[in-house]
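Undergrad: what shape does this take:
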Amino acid sequence: MVGSLNIAFVHPNLGIGGAERLVVDTALSMQQRGHRVVIYTMHHDLSHCFEETRDGTLDVRVGGTWFVPQSVNGRFHILCTALRSLALARKVTTDREQYDVLFVDQLSAPIPLLKYAHAHILFYCHFPDYLQAQRNTLWRRLYRAPFDLLEELSTGEADEIVVNSRFTQETFRKAFPHIGRVPKVLMPALNLQAYDKPVDTDDPALGVLRTGKRTILSINRFERKKGVELAIDSFAALQTTEASCLVVAGGWDVQVAENIEYLKELNTHARDLGLRTRTVAPRGISAQTKTLLPPDVVPTPTLIQDFCDAMDDVDVLFLPSFSENQRTFLLSVAKCVVYTPSDEHLGIVPLEAMYMRIPVVAVNSGGPRETILHGKTGYLCDPSKDDFAAAIKKILTADDDAWTCMGNAGRERVKHEFSLDSYASKLERLIVEMLQYPSSGSALFGVLMSLFIFCTAGLTFALAYWL
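TA: Residues are numbered from 1 along each chain as shown. Below is the predicted model of the structure:
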């Protein structure tokens, strides 16, 4: 039996992505098991977050925002994030709280300074950051070098390191050869109750999503590494597009330049293929922000009858910054979910789709190979439009019994292998094992690492000015 613990979660940005859903569900599961939980974050937009983080269910504290902006003229993102993480770590260590465990998620930079909290630190590594960064110029390689070193050094300071899949575990070992430990695998889970909630059919925001067509759904952040062009190309390659529509939904933040640029690129790409597009403006968006969206934007409906059957003349609908009710509705009506990232470390979306009895088509690499059963709960394909289109067509043309059988198999797999209760039990066991040993590392190292970041910041800005 585990006694009540004080647990703090440290997460960069509480938006509406899969990583954010996981940390929220993890915090909820620990809270429901009798532990006291606090979430620290650098960014929490109340209009762009999960309900539990704004309605008082979870104690959310924001820090680091006063110290430095998210970027400088759209540049130096990793540098600014590292500096902001130090300010967040300072807030954690100076709050009048004594924590038993710090669950540090995604970003390892604050770990050395968090040693001053005198708590055991568990780091959840989704994927080594330096493997995702671009190094296509000498300047980029020089700029990234100190942060790549920082990532390995700071990650090694955690008392326990956990990864989200066997694929990430193997990648971690190759990426950080100087960390002698092999991280443990703790595959993410779904809060199944959240997906069992009925759709609020009176929600006016559903009006624009209603259609008599078969819905093919893509859910991803609007980031280039997600490869959403593959979903559009595959849809265009289908011979039955007139009876189907593609909904491209995902996280979209006005403060993230890539989100803005990539949504426009995808819209242009679809139109170049001869597809008719429409973009739904997020609810409550300002007139100024609306200008950052593609030109075919329509407002979110304010009356339930508005825009009903509006997708009859649309092939691809873009839905940036969707609501939870819109997500639930789409997952209740979709015939197929396409998941396009290559070498994705895990991917929550395939689990969401399978639990909602929707067959999934995904790239045959990375985490989806560990979650999707090929031919039983969906299809794993080469990242080509022809392979994806063929798999999508199989699902769309399957008879009702075959489609239902595949959907039921996916739901049963998620219920047995990826339930939140099972995940929480495994996490608790990891925490208990970690607490049996004294916390590793030195707080002095945190000071040295902080000085390292500050010196790197000064040098980077000086070089940028000089060049």
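
Undergrad: low-confidence ranges, the stretch 51-200 of the chain, go.
TA: 67, 74 (pLDDT under 70).

Undergrad: mind jotting down where the strands sit in it?
TA: Taking DSSP state E, counting those that start in this stretch, the strands of the stretch 51-200 of the chain run over residues 59-62, 101-105, 120-125, 160-163, 184-185.

Undergrad: again, but for the stretch 201-350 of the chain
TA: Going by DSSP E, counting those that start in this stretch, the stretch 201-350 of the chain shows strands at 214-219, 244-250, 277-280, 297-298, 316-320, 334-339.

Undergrad: mind listing what's buried along stretch 388-408?
TA: Neighbour counts over stretch 388-408 (16 or more other C-beta atoms under 10 Å) mark 388-396, 398, 403, 406-407 as buried. In short, each C-beta sits where N, CA and C put it, glycine included.

Undergrad: then stretch 146-162?
TA: Neighbour-count burial for stretch 146-162 flags 146-148, 150-162 (criterion: 16+ other C-beta under 10 Å).

Undergrad: check stretch 120-137 too.
TA: Applying a neighbour-count criterion of 16+ other C-beta under 10 Å, the buried positions in stretch 120-137 are 120-130, 133.

Undergrad: try stretch 331-344
TA: 331, 333-344.

Undergrad: rewinding a little: which one among the buried residues of stretch 120-137 gets closest to residue 364?
TA: Of all those, residue 364 sits closest to residue 127, with 17.9 Å by C-beta to C-beta.

Undergrad: now the closest one. Its backbone dihedrals?
TA: Here is the backbone geometry of residue 127 (degrees, to the nearest 10): phi -180, psi 140.

Undergrad: ok, now which ones touch it?
TA: The contact partners of residue 127, by C-beta atoms under 8 Å, 6 or more residues apart in numbering, come to 168, 171, 345.

Undergrad: among the residues you listed, name the ones in helices.
TA: Using DSSP state H, the members of these that fall in helices are 168, 171.

Undergrad: next, format the contacts of residue 127 as TSV and append neighbour count and distance to residue 47.
TA: Shown next, in TSV, are the contacts of residue 127 (neighbours: other C-beta atoms under 10 Å; distance: C-beta to C-beta, whole Å):
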residue	neighbour count	distance to residue 47
168	25	32
171	19	35
345	23	28
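
Undergrad: among the contacts of residue 127, which one lies nearest to residue 224?
TA: The shortest approach to residue 224 among these belongs to residue 345, at 16.6 Å (C-beta to C-beta).

Undergrad: what number of residues lie near the spatially closest residue to residue 312 that is not a sequence neighbour?
TA: Leaving aside its sequence neighbours, residue 312 sits nearest to residue 211 (C-beta to C-beta, 6 or more residues apart in numbering; 6.6 Å). Residues near residue 211, counting by other C-beta atoms under 10 Å, number 18.

Undergrad: what's the local residue count around residue 330?
TA: Residues near residue 330, counting by other C-beta under 10 Å, number 22.

Undergrad: got the contact list for it?
TA: 209, 215, 217, 219, 247, 249, 319, 322.

Undergrad: so what pLDDT did the first one get?
TA: This means residue 209. Looking at residue 209, its pLDDT is 89.

Undergrad: shift numbering so it begins at 33
TA: All set: I'll call the first residue 33, so the last point we hit is now residue 241.

Undergrad: pretty sure it contacts residue 346?
TA: No. In this structure, residue 241 is not within contact of residue 346 by C-beta atoms under 8 Å, at 10.7 Å.

Undergrad: which one's more surrounded, these two?
TA: residue 241 (24 against 20).

Undergrad: can you check the pLDDT for the residue lying closest to that one once chain neighbours are set aside?
TA: Closest residue to residue 241 apart from its sequence neighbours, by C-beta to C-beta, 6+ apart: residue 361 at 6.1 Å. Residue 361 is assigned 95 on the pLDDT scale.

Undergrad: you'd agree residue 361 is up against residue 231?
TA: Yes. The criterion here is C-beta under 8 Å, and residue 361 meets it with residue 231 at 4.9 Å.

Undergrad: how about the residue nearest to residue 45 when sequence neighbours are not counted, what does it touch?
TA: Nearest residue to residue 45, sequence neighbours excluded (C-beta to C-beta, 6+ apart): residue 75, at 4.4 Å. If a contact means C-beta under 8 Å, 6+ apart, then residue 75 has 44-47, 94, 97, 102 as its contacts.

Undergrad: for residue 208, state which of those is nearest.
TA: residue 44 (19.8 Å).
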